[in-house]
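In: got a predicted structure plus its sequence, pasted below:
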Amino acid sequence: MEQTEERKFIVSVSPHIDSGRTTRGIMLDVIIALIPALIAGVVIFGARALLVVAVCVASCMIGETLFDLITRRKNTLSDLSAVVTGLILGLNLPASVGIYPAVVGSLFAIVVVKCLFGGLGKNFANPAATARVFMLIAFTETMSSAANIKVAADAVASPTPLAVMGGAEGALPSLTHMLLGLRGGALGETCAIALLIGGVYLLVRKVITWHTPVVYISAVFLLSWLIYGSAETALYQILSGGLFIGAIFMATDYVTTPTTNLGKVVFALGCALLTAVIRRLGAYPEGVSFSILLMNLFTNFIDKATRKKPLGEVKA
């Protein structure tokens with residue numbers, strides 16, 4: 001009697017296409033994309049910028065390792081997510097920040113925001129953005145201190161452009177200096193050109209899509225033009241603060257931001273509106289980290305509202 005071939009059909013949830021990308025590979029691309037900003041930060045603010053970033057990266061790696069040991073979880077350092085968190089946080093800090101605040105902020109990002117919620121893929125908010133907000137509140141003085149620009153022969157103490165536009169003493173740098181990063185600010189957020197190079201790399205590598213960074217930056221420009229009535233002021237607004245590093249590297253986080261293209265646009269518009277309002281009316285001159293953190297809380301709602309419904313779907 002002829003035997004019939006037994007066939008098994010395996011049913012699983014989507015996605016059903018393996019892109020071949022790994023978490024480690026994606027994180028490595030992000031690290032490579034951040035290298036131009038790191039180099040620019042060291043050139044502009046001096047060797048201490050490298051020390052700050054190294055302390056943040058080391059603190060995140062040590063914090064995650066100790067947490068895994070204490071909770072008897074599998075060590076996850078190999079996925080490089082802790083390195084990325086420390087690198088992004090370090091680039092969001094002024095070069096003059098103390099070592100103690102840098103360590104505390106890094107441990108807060110990796111242990112409280114990431115590990116305590118289950119690790120990579122389960123955190124509700126971007127660890128670096130949340131840690132920066134925490135540090136702005138806990139270490140206000142050191143986080144808002146003037147930066148020393150070392151690229152010139154003499155060090156120049158310079159308040160941030162946002163602080164100057166908010167009424168602080170000082171003169172605004174030229175737009176050329178804004179592009180090059182020759183201004184006060186966090187060590188990795190000042191050089192727009194370096195950040196754009198990193199953003200283009202991520203787009204080419206298809207790590208991110210254009211939707212969030214382009215919509216976020218463009219919307220802040222248009223809102224600032226509307227609020228201040230000046231296109232030049234609007235240019236200063238998008239080149240100031242952490243808008244570029246936030247839009248390119250934090251608002252595009254896979255875990256804490258929407259997955260649909262329409263959702264990414266909605267998320268970016270919400271970040272832009274909050275950033276413009278906080279900068280105009282808030283107590284802090286910067287609003288990027290606050291806006292990303294607040295919008296992270298609405299990511300699930302945005303995803304559910306913007307996802308495509310399967311053909312023939314019937315609500316239970």
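Out: Nice, thanks for sending it over. These figures come from a predicted structure and were not determined experimentally. Residues are numbered from 1 along each chain as shown.

In: who's in contact with residue 165?
Out: Shown in contact with residue 165 (C-beta atoms under 8 Å, 6 or more residues apart in numbering): 172, 233, 236-237, 240, 285. In short, each C-beta sits where N, CA and C put it, glycine included.

In: before we move on, what about residue 234?
Out: Contact analysis of residue 234 by C-beta under 8 Å, 6+ apart lists 221-222, 224-225, 228.

In: which among these end up buried?
Out: For those, a neighbour count by 16 or more other C-beta atoms under 10 Å gives the buried set as 221, 224-225, 228.

In: buried ones among the contacts of residue 165?
Out: 236-237, 240, 285.

In: show only the entries of those residues found in helices.
Out: Among these, DSSP state H puts 236-237 in helices.

In: what's the most distant pair in the buried ones among the contacts of residue 165?
Out: Pairwise distances across the buried ones among the contacts of residue 165 (C-beta to C-beta) peak at 12.1 Å, for the pair 236 and 285.

In: Three-state assignment for the residue nearest to residue 296 when sequence neighbours are not counted, please.
Out: Once flanking residues are discounted, residue 296 sits nearest to residue 125: 4.1 Å by C-beta to C-beta, 6 or more residues apart in numbering. Assigned with DSSP: H, G, I helix; E, B strand; the rest coil, residue 125 falls in the coil class.

In: I figured residue 125 hits residue 295, correct?
Out: No: Residue 125 lies out of contact with residue 295 (C-beta atoms under 8 Å); the separation is 9.4 Å.

In: more neighbours: the two, which one.
Out: Neighbours were counted for residue 125 and for residue 295 using other C-beta atoms under 10 Å; residue 295 has more, 28 against 23.

In: who's in contact with the more buried one?
Out: Shown in contact with residue 295 (C-beta under 8 Å, 6+ apart): 251, 257, 267, 270-271, 274.

In: give the contact list for residue 84.
Out: 27, 30-31, 34.

In: if we can go back for a sec, the residue nearest to residue 296 and residue 62, how far apart?
Out: Residue 125 is 22 Å from residue 62, where distance means C-beta to C-beta, to the nearest Å.

In: what helix or strand is residue 185 located in?
Out: Residue 185 belongs to no helix or strand when elements are defined using DSSP states H and E.

In: nope, residue 61 is what I meant
Out: In this structure, residue 61 is located in helix 47-71 according to DSSP H and E.

In: so the very next helix or strand once past that helix versus helix 47-71, what angle?
Out: Next in sequence after helix 47-71, counting helices and strands by DSSP H and E, comes helix 81-91. If you take axes from the mean of the first three to the mean of the last three C-alpha atoms, to 10 degrees, helix 81-91 sits at 140 degrees to helix 47-71.

In: can you give me the buried ones in helix 81-91?
Out: Buried residues in helix 81-91, defined by neighbour count with 16+ other C-beta under 10 Å: 81-91.

In: check stretch 260-273 too.
Out: Neighbour counts using 16+ other C-beta under 10 Å place 260, 263-273 of stretch 260-273 among the buried residues.

In: residues touching the spatially closest residue to residue 115 that is not a sequence neighbour, list them.
Out: Spatially, and ignoring its direct neighbours in sequence, residue 115 is nearest to residue 67 (4.5 Å; C-beta to C-beta, 6+ apart). Shown in contact with residue 67 (C-beta under 8 Å, 6+ apart): 73, 110-111, 115.
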